[in-house]
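# sequence? don't have it. structure:
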Ligand SMILES: [Zn+2]
Ligand SMILES: [Zn+2]
């Protein structure tokens, strides 16, 4: 998506023109996917299935995405994360209805650093998983606080329905008015890309600018219809068809599970 379009939306937000207008055409939403909920703010439960070296990064991601106060944030941020004990365990990272399971393992030399997967019914997210690949995070190139935090914050951000602000690893970081880069901006040096910035919070406000009211899906509904939940979903062969490309390579896939249900996968590849 173009920089011009982002700037347009930023201008619209700055002018406070369209915020209350409901599901506006978001600039880095992930195809409009969002959690169904009766009102804002709402809680996203993050299941901690991580080894202890990863746990602080999930705790930080949960608090980063829940921020409402302070300069260059957005008091209308609808997200409140609750990190709780994992409901899955193991490398398979089996999804749990109504929440996001977060897992790490040595998933092998499959090319990906991290993946975020959401199961959707129509546009509504019903469950999600985040996996980070220790096969790469155990190497000196990626075994740094900046890389771990960048990937964890980004993958958790995808499970709310956010896409990337930018997919060029080699351009300057997209900064907010406080000089903060974004975890949703690809960067070869992620030291200023470890957290969301104002544009991400503003985008969440747009995505969640409507209420699902009485039609909200009750927690516990599952979109794993048409899929064996015990299936391994960490290989590209299980992700379905590519629907978005970055740097000449697919980075988003969708698999039709039938009945209006889909498995959507967002991947960040090693460089
Ligand atoms: Zn909705
Ligand atoms: Zn991503």
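Yep, it's here. Everything numeric here is computed off the predicted structure, so don't read it as measured data. Ligands and ions are numbered 1, 2, ... in the order given.

# now do the SS call for residue 129.
strand (DSSP: H, G, I helix; E, B strand; the rest coil).

# does it really touch residue 95, like I thought?
Yes: judged on Cβ atoms under 8 Å, residue 129 makes contact with residue 95 at a distance of 5.4 Å. The way it works is simple: take the backbone N, C-alpha and C, and place the C-beta from them, glycine included.

# quick check: neighbours shared by those two?
Shared contacts of residue 129 and residue 95 (Cβ atoms under 8 Å, 6 or more residues apart in numbering): 88, 101, 117.

# now render those as JSON lines, adding secondary structure and pLDDT.
Below are those laid out as JSON lines (DSSP: H, G, I helix; E, B strand; the rest coil; pLDDT from 0 to 100):
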{"residue": "88", "secondary structure": "coil", "pLDDT": "84"}
{"residue": "101", "secondary structure": "strand", "pLDDT": "96"}
{"residue": "117", "secondary structure": "strand", "pLDDT": "97"}
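
# what's the burial count for the nearest residue to residue 184 once chain neighbours are set aside?
Spatial nearest neighbour of residue 184, chain neighbours left out: residue 165 (4.7 Å); criterion: Cβ to Cβ, 6 or more residues apart in numbering. The number of residues packed near residue 165 is 24, by other Cβ atoms under 10 Å.

# ok, residue 147 next?
Residue 147: 21 surrounding residues under other Cβ under 10 Å.

# how about the contacts made by the residue sitting nearest the centre point of the chain?
Nearest to the geometric centre of the chain sits residue 158, at 1.2 Å (Cα atoms, centre = their mean). The contact partners of residue 158, taken as Cβ under 8 Å, 6+ apart, are 30, 116, 118, 130, 266.

# of these, closest to residue 108?
Nearest to residue 108 out of these is residue 130 (Cβ to Cβ; 17.2 Å).

# for this protein, which helix is longest?
Across the chain, the longest stretch assigned as helix under DSSP state H is helix 145-158.

# same question for that one, mean pLDDT?
Per-residue pLDDT over helix 145-158 has a mean of 98.

# ok so, going back, of the contacts of residue 158, which pair is most distant in space?
30 and 130 (13.8 Å).

# who has more neighbours, these two?
Higher neighbour count among residue 30 and residue 130: residue 130, with 30 against 24, using other Cβ under 10 Å.

# separation between that one and residue 69?
26 Å (Cβ to Cβ, to the nearest Å).
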